[in-house]
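In: Everything below, folded, please.
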Amino acid sequence: MAEPRRPAEGCSCRNTDCMERPLRRLFEGLGSGVAACPWPFVLVPLLLSGGLGAGFLFLPQRQANDIEEQFTPTRGPAKAERDFVRRHFPTDDSERFSAPRLPTEGAYAALIAAVAPGDSVLGPAARRDVLQLDAAVRARGYERLCARSGGACASPNPLLPLLGGGAALENLTFPVSHGVFLGAALGGVQTDAGGRVRAARALKLVYHLQEDGPAAAAESRRWLESFLREFPAQLAALDFASVQVTYFTSLSRQQEFEGNAKSVIPLFSVTYFLTITFSVVSCLKLSCIRNNVWLACCGVVSAGLAVLSSFGLMLFCGVPFVVTVANAPFLILGVGVDDMFIMIASWEQSLRKKEKSDVKSLLAETYTEAALSVTITTLTDVLAFFIGVWTAFPSVRSFCLYTGTAFVFCYIYTMTFFGAVIVLNHKREQGNRHWLTCMPVGVGKDQAEKSCLYNVCCIGNCSRPSSQVETKQPESEHPMSIFFKKYYGPFFTNKWIKLLVVLLYGTYLGGSIYGCTQIREGIDLRNLASDDSYIIPYYDDDDKYFSAYGPRVMVVITEAVDYWNETVRLGIENCTQNLEGISYVDKNFSESWLRVYTKLAESGLINISNKTLFIKNLSTLFQIVPSFEWDINKTQDKIEASRFFIQTVNVTSAIDEKNLLNQLRETAEQCSIPLMVYHPAFIYYDQYLVIVQNTVQNIVVAAGAMLVVSLLLIPNPLCSLWVTFAIVSVIVGVAGFMTFWNVNLDSISMINLVICIGFSVDFSAHISYAFVTSGESSANKRAIEALYLLGYPVLQGALSTILGVVVLAAAKAYIFRTFFKIMFLVILFGALHGLVFIPVFLTFFGNFGRSPHNTQSKKLELRFRNDKDCP
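Out: Presented below is the predicted three-dimensional model:
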């Protein structure tokens, strides 16, 4: 029965345990119930997991790995801009194809033929290889499906017809030759003073296919799939001596991304083996009765059941399964093992107390002490994940839904399934039965005559002079707890060491803040493929030889304006010049139908002074430049929309992409004419507009929620403030140091920063609470006691969580390696705060914030103990 509440124990600004006390009583009742009838709590989770696991039957239908859909903002501006272009400028790739005018990337196969340093792709041997390469592609039936313009297939490269004769290439100029822009066709170019091409390192061939209409799109897709299957062998058979060929298709990025999930499946078995081994070794004893091997194994099984139940439930509910979700089981396994250690530690502590012997009282006390700690850490983690659902990136939403739900099931199964296993294991011990065979173990008088190995394996100890039953032996303190009490704690409370720690923290914080200022935004599309993918060499060649000229951007006049009005035309020209004035735009390569039309009028060939003449004489313009007809959406009496093109240059990094997009859109918004800028790549550039905002929003909201939870469930405000400090400090550290580890701030790393919040609470709350509730007389002694009680559990919690994700370091995919890198930083910095920074900083505050009821501290010594090892 609970002790009566004294008046002094009411809620106050220094003792806010109004919620903690009723929760402890609730968990005490749950523990008694589980102990009284354990089998239903074992069987129901197993049956529930089996039923919900049937949801995996829906996995093929729920897989949603479309890169654009999952890794770009849901309501990104470029998607609306693309819809506008599709409505007003329809394509016809069977009659009038133009690659720069496509609203999407199109359907294509691209090849880059590069030569060794010192050679030229325009040399005789290289030209022959390129022509042979072109013939090999055409022999695959390309001309039957090719995108057409003017009755012929669109040329893969404007120089291709000239490669047969070297004389035609002698007067070639770059980047424009005879009115043709070659910036995207020829790379690594060397020119003389007059601009004539002397040599070039690479030539790009792009074979566009028809995709207008479902039938054409399906046929082109089959051709590309066949190309990817068979072309590598065909390329190897050609065995070119002069050129090195890399290739890519419009399907490649998506197919390689979808293959990432399969590559990580073998790592699951390794992770479970490592985790089970770690758990068993941690709980292993030289005793055939009091051995906690089965508890360790069932703790891992409990985490596995949580994954099965949560994923099955989400699949039943129709939540998309994205490849990023494949990270979740590794994390859940580590956290589930942590909760198992908390329960075992509290159970072992209850066994040491002589006044309680029946299993109901023992488990009730275990739940009273341990369940609240598990509740706090689970609640903070779950809140962090469900707050992460409020993001513009669908891949992040899916991960947070699956993982947050898994944490809930992990908590439920720890409180039910694992608690019942503890009871059943205790009954085995009470019956003095062997841990493996469950056969009774007798302690005979002839034990001394047996070997030490026999006694260890079959009796439980190497030497036992009496026939005392195994289960009556008292428990000893864990050696690591003694280490933290006698050596580690006194070392870090030395005044010179504390000064060194302060300097170390200053260095850590300074480096972290500097890293935050250097952080790179956005996901590099090449990182969606595995390291050994064939598309990586293609990306490398493309960046090396063709990065000088960036996207050819559409500038669209989105409303009907009076083009025949000279004032309006001047306004359009001013807007065009402002766009061309951006540092990322080369004005020499702009293409504008209105400029050409105006020059025709100025030359006297046509009259455009009024509406009727302006509309009527457009046919003359179309006869001179037929492609301009595709840039004007007109009815009989007005022009609904029109577009022109500007050429970007030197867009070589994520920062350049971000700056380009922002400058183009800001300039377009300032124009007096309604303008819109668009390129298919802007679909991916849009992530730069929201990634920082979404990340900061999630972190701030989650940190605020963590503070509220801490204030409600941890009965000391000072402890809650230290929790908040740790959250902010660890997040700054992770965000800063991930820059030094070549990790960008993208939708993948955003997931991990959300995780960071929950784990920061795990490492900081318990150390600071143990400090403020300690009954010791000095701040140094209170810090030593806090480390004695919780130092090893914090260390073990860090190790078990890292073990859960360490195999991802061997993954060939950026997505999984990034998950490991940030989780490693989170655990490292979280443990560093819990074991070094916070204990030292707390000693500087002396008696400030101490609990007024420290006479009760010994009763509370295990409250909020985190991840205690099996003693």
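
In: Assumed Ala110 was part of a helix.
Out: No. Counting by DSSP: H, G, I helix; E, B strand; the rest coil, one finds Ala110 to be strand, located in no helix.

In: got a pLDDT number for it?
Out: What the model reports as pLDDT for Ala110 is 96.

In: same question, the one 4 residues further on
Out: Looking at Ala114, its pLDDT is 96.

In: From Thr739, how far off is it?
Out: 32 Å (C-beta to C-beta, to the nearest Å). To be clear about C-beta, it is placed using only N, CA and C from the backbone, and glycine gets the same treatment.

In: And these two? Which one has more around it.
Out: Taking neighbours as other C-beta atoms under 10 Å, Ala114 and Thr739 compare with Ala114 leading, 24 against 19.

In: does the nearest residue in space to the more buried one that is not next to it in sequence count as helix, strand or coil?
Out: Distances taken as C-beta to C-beta, 6 or more residues apart in numbering place Ala202 nearest to Ala114, at 4.2 Å, with adjacent residues excluded. In terms of secondary structure, Ala202 is strand; the call rests on three-state DSSP.

In: What is the burial count for Ala202?
Out: Using other C-beta under 10 Å, the number of residues around Ala202 comes to 23.

In: thought it was touching Phe546?
Out: Yes. Using C-beta atoms under 8 Å, Ala202 is in contact with Phe546, at 7.3 Å.

In: Identify the contacts common to the two.
Out: 112, 187 (C-beta atoms under 8 Å, 6 or more residues apart in numbering).

In: In the sheet, which residues pair with the residue nearest to Ala114? Tell me.
Out: Taking DSSP bridges as the rule, Ala202 bridges to Ala114, Gly187.

In: Could you report the separation of it from Gln63?
Out: 37 Å.

In: Okay, now the unreliable bits of the stretch 151-300 of the chain?
Out: 165-168, 284-287 (pLDDT under 70).

In: Contact partners for the residue most central in space within the chain?
Out: Geometric centre of the chain, nearest residue: Ile748, 2.1 Å, by C-alpha atoms, centre = their mean. Ile748 makes contacts with 324, 395, 523, 814-815, 818-819, as judged by C-beta under 8 Å, 6+ apart.

In: Inside helices: which ones of those?
Out: Among these, DSSP state H puts 395, 814-815, 818-819 in helices.

In: you'd agree Tyr402 is up against Leu313?
Out: No. Tyr402 is not in contact with Leu313 according to C-beta under 8 Å; the separation is 9.4 Å.

In: Compare the two and say which is more crowded by neighbours.
Out: Higher neighbour count among Tyr402 and Leu313: Tyr402, with 27 against 20, using other C-beta under 10 Å.

In: give me the element that one is part of.
Out: Applying DSSP states H and E as the criterion places Tyr402 in helix 394-413.

In: cool, Phe273 as well?
Out: Here Phe273, judged by DSSP H and E, is contained in helix 252-283.

In: Going by contacts, tell me the helices and strands next to the helix or strand just after that helix.
Out: Tracing the chain past helix 252-283, the next element assigned as helix or strand by DSSP H and E is helix 293-316. In terms of contacts (3 or more C-beta pairs under 8 Å, 6 or more residues apart in numbering; DSSP states H and E), helix 293-316 is packed against helix 38-53, helix 252-283, helix 328-352, helix 394-413, helix 419-430.

In: just the angle between the shortest one and helix 293-316, please?
Out: What that stands for is helix 419-430. 160 degrees (axes from the mean of the first three to the mean of the last three C-alpha atoms, to 10 degrees).

In: Tell me which residues are up against helix 419-430.
Out: By C-beta under 8 Å, 6+ apart, helix 419-430 touches 30-31, 34-35, 38-42, 289-290, 292, 294-295, 298, 343-344, 347, 359, 362-363, 366-367, 435, 438, 470-471.

In: Show me which positions of that helix end up buried.
Out: By neighbour count on 16 or more other C-beta atoms under 10 Å, the buried set for helix 419-430 is 419-426, 428-429.

In: got the angle for that helix vs helix 394-413?
Out: Using the same axes, to 10 degrees: helix 419-430 against helix 394-413 is 40 degrees.
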